[in-house]
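[1] coords please:
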Amino acid sequence: MIEPLASTGVPPAGVPPPALLLILGSLLVPLFRGRWRHLYLLLMPVLAGGCLLLMPDGAYWQLKFLDYVLVLGRVDALSRAFGTIFVLITFIGVLYSLNIAGNLESMAALIYAGGALGVTFAGDLFSLYLFWELLALASTVLILARRTAAASAAALRYFCWHFAGGLCLLAGIVLYVRQTGTPAFAHIGLGDPAALLIFIGFCLNAAVFPLHAWLPDAYPRATIGGAVFMSALTTKSAVYILARTFAGAEILIWAGAFMTCFPIFYAVIVNDMRRVLAYSLINQVGFMVCGIGIGSQLAINGVVAHAFCHIIYKALLFMSTGAVLHMTGRIRATDLGGLYKTMPYTALCCIVGAASISAFPLFSGFVSKSMTVTAAAEEHLTLVWLMLMFASAGVFHHAGIKVPFFIFFGHDAGIRAQEPPMNMRLAMGLAAFICVFLGVYPQPLYHLLPYAVAYVPYTPFHVLAMLQLLMFGALAFTVLVLSGHYPPEMRAINLDTDWLVRLPARGGLWLCRKPLNVIWALCARILAMGSAEARALPALSAALEKRIDMRIHGGLTALPGLLYRWGRHLGTERSALAWNLVYILIPFCGMLLLILFWWR
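    Have a look, this model is predicted:
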């Protein structure tokens, strides 16, 4: 069924696909204990990174399946950039989770990372779909591993969303392969139903409005370490695929621009700090989606650069809030405050992440986000440019200020928690170092981008314009807080677009339950009647057996008497019986002799 096919590139002997290395390596995690387990978990992403370094550009590990060619290792500038950051964040996430993740969570995290690498290096739509579904399954486990009722319910909703997206993707792939005759994973473009179904499947994983509600619902309910992986892999895998297949699609310009704006209003009023970061994540992915829609070389470079930087600083923010949750058991703004006194290191790391996501000069977000904004200006997309600038100020307002302010400063909640374990601090420190390093010296990042980079981030105009925007955003936050007009932090449920899905879903469940309950009640009644009859059968059988036994026993008992009464009259004729027989026998024999003589 499956046979090897000659590849266009020659990987070094013994180098496995990085995706399969992580996926198969995860199966051995339960065999290790203690420090050996920690070393093994850290070794997995290191080996995957080594495999990636040993793979020059080309197509590797090609298989022939039926009449099609499956490619498990298509390496070029775009896939190499995303593969590099996926391996790097896997190492950071594993390091962060060493002391808090059980075997199930660690295995799911490695499989999750392997699925992301499989998607990144897939060269055909069939293998892409397999790794795509593996992403959904592994990430669902990271939510279930929280082992709470809310996490279980969120995991079910999350799985339903991605199951629906997977069905759209599969239907689109089948139609596309039937139309084109090839499963090659390349630029598709919008223009027919097959492409539209594929597009919807990818947009769901990218959390494009209105298919985004699963993200702020599920990410805050994932495990502390699982949220770090989820913030990095699912949406950025979708960004990579959209850049590969639908670059230049105009609808993505406006979808991405809207994505950058609407989460701001949710993030301002949300109480759960990890949910604030989830809405902020949608905001940042909007910059990438918008850049994909613009489609110019500068825009695509901006997409890749911003995805790289965003994965690091968003993971840093999730690690900071996760450390607070781990040490205090609380994550709501109404329950926190004043933690800088006992958790200064965590507070500093959170501030670095906040400065990076806000695109402060000398931090990583400044050298990446501005590329997409500049690309919109160069294409004379004035309204889009204004929306992106508004979103830049908004993200500073809710993620750059609100998250560190309400957790570590603000009112003193009286909590005196200690710093998290060393492995968590090392992971946060490594991520913070990368944020600052790339902000100060972005050339290593620009070297990874798919096109030659002529962009210069540190110009006087750009630096001053960004500082003005950020300072006015800080001034607005300060005025609102001091005047008492800032939206108060309160425990509440904020309706999102999933409300439009949950209402008809509840109605559908009610319609399903009503006839099913009627049918079940009828079946239960029939079964109850049959059960009653079945319970009565032993008594009926015993009575019938007793009646038959009485008949047979009575008959056998009466038989000797009947025989005696029938043969009793023979006793009176016993003396005459012999002569009666002679009288009958002599005529009979005479007649017989006469007949024989006559016949002769």
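[2] going forward, measure contacts and count neighbours with C-alpha atoms only.
    Will do.
[3] per-residue pLDDT, residue 288?
    Looking at residue 288, its pLDDT stands at 94.
[4] Doesn't residue 158 belong to a helix?
    Yes: assigned with DSSP: H, G, I helix; E, B strand; the rest coil, residue 158 falls within a helix.
[5] Contacts only, for it.
    140, 214, 215, 217, 218 (C-alpha atoms under 8 Å, 6 or more residues apart in numbering).
[6] Quickly name whichever of these is closest to residue 425.
    residue 218 (25.2 Å; C-alpha to C-alpha).
[7] how deep is residue 546 tucked in, by neighbour count?
    12 (other C-alpha atoms under 10 Å).
[8] so it sits in a helix?
    Yes: the assignment for residue 546 is a helix, going by three-state DSSP.
[9] thinking again about what came up before, filter the contacts of residue 158 to the buried ones?
    Buried subset of those (neighbour count, 16 or more other C-alpha atoms under 10 Å): 140, 214, 215, 217, 218.
[10] The third one reaches residue 207, doesn't it?
    Yes: under the criterion of C-alpha atoms under 8 Å, residue 215 makes contact with residue 207 at 6.9 Å.
[11] Let me see the contact set for the closest residue to residue 222 other than its chain neighbours.
    Once flanking residues are discounted, residue 222 sits nearest to residue 143: 4.1 Å by C-alpha to C-alpha, 6 or more residues apart in numbering. By C-alpha under 8 Å, 6+ apart, residue 143 lies in contact with 151, 152, 154, 155, 218, 219, 221, 222, 223, 226.
[12] same thing but at 6 Å, please
    When contacts are counted by C-alpha atoms under 6 Å, 6 or more residues apart in numbering, residue 143 touches 151, 155, 222.
[13] gap between the second one and residue 278?
    Right, the one you point to is residue 155. Distance of residue 155 to residue 278, computed by C-alpha to C-alpha, to the nearest Å: 16 Å.
[14] for the first one, same thing?
    When distances are taken as C-alpha to C-alpha, residue 151 and residue 278 turn out to be 15 Å apart.
[15] Okay, and which of the contacts of residue 143 map to strands?
    Counted as lying in strands by DSSP state E, out of these, is not a single one.
[16] ranking these by neighbours, who comes first?
    In the contacts of residue 143, the most neighbours by other C-alpha under 10 Å go to residue 222, 29 neighbours.
[17] Please give me every residue in contact with that one.
    142, 143, 146.
[18] Kindly report the same for residue 189.
    residue 246.
[19] go again using 7 Å as the cut-off
    Counting by C-alpha atoms under 7 Å, 6 or more residues apart in numbering, residue 189 makes contact with 195, 245, 246, 249.
[20] Please convert those residues to JSON lines, extending it with neighbour count and distance to residue 272.
    Output for these, formatted as JSON lines (neighbours: other C-alpha atoms under 10 Å; distance: C-alpha to C-alpha, whole Å):
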{"residue": "195", "neighbour count": "21", "distance to residue 272": "38"}
{"residue": "245", "neighbour count": "21", "distance to residue 272": "35"}
{"residue": "246", "neighbour count": "22", "distance to residue 272": "34"}
{"residue": "249", "neighbour count": "19", "distance to residue 272": "35"}
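[21] Could I get those in JSON lines, plus columns for pLDDT?
    What follows is the contacts of residue 189, written out as JSON lines (pLDDT from 0 to 100):
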{"residue": "195", "pLDDT": "90"}
{"residue": "245", "pLDDT": "91"}
{"residue": "246", "pLDDT": "91"}
{"residue": "249", "pLDDT": "88"}
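[22] hmm, back to that, helices - which of the contacts of residue 143 land there?
    151, 155 (DSSP state H).
[23] pLDDT and distance to residue 331 for the contacts of residue 143 - can I get that in a markdown table?
    Below are the contacts of residue 143 laid out as a markdown table (pLDDT from 0 to 100; distance: C-alpha to C-alpha, whole Å):
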| residue | pLDDT | distance to residue 331 |
| --- | --- | --- |
| 151 | 90 | 15 |
| 155 | 90 | 20 |
| 222 | 92 | 13 |
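[24] show me where the chain has strands.
    So, for the chain - with DSSP E - the strands run 2-4, 58-65, 68-75.
[25] and these, which is most packed in?
    strand 68-75 (a mean of 24; mean count of other C-alpha atoms under 10 Å).
[26] Tell me which strands it pairs with, and in which orientation.
    Note on strand 68-75: by DSSP bridges, its sheet partners are strand 58-65 (antiparallel).
[27] For the strand it pairs with, output the C-alpha coordinates as PDB.
    Output of strand 58-65 as PDB, limited to C-alpha atoms (Å, rounded to 0.1, in the frame of the first residue of the first chain):
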ATOM      1  CA  GLY A  58      14.400  20.000  -0.200                       C
ATOM      2  CA  ALA A  59      11.700  17.300   0.000                       C
ATOM      3  CA  TYR A  60      12.400  14.300   2.200                       C
ATOM      4  CA  TRP A  61      10.700  11.100   3.400                       C
ATOM      5  CA  GLN A  62       8.400  10.800   0.400                       C
ATOM      6  CA  LEU A  63       6.000   7.900   0.300                       C
ATOM      7  CA  LYS A  64       3.800   6.600  -2.500                       C
ATOM      8  CA  PHE A  65       0.300   6.000  -1.300                       C
END
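[28] rewinding a little: flag whichever of the contacts of residue 222 scores worst on pLDDT.
    Lowest pLDDT among the contacts of residue 222: residue 146, 89.
[29] I'd assumed residue 223 was in contact with it.
    Yes: with contacts counted by C-alpha atoms under 7 Å, residue 146 reaches residue 223, the gap being 4.9 Å.
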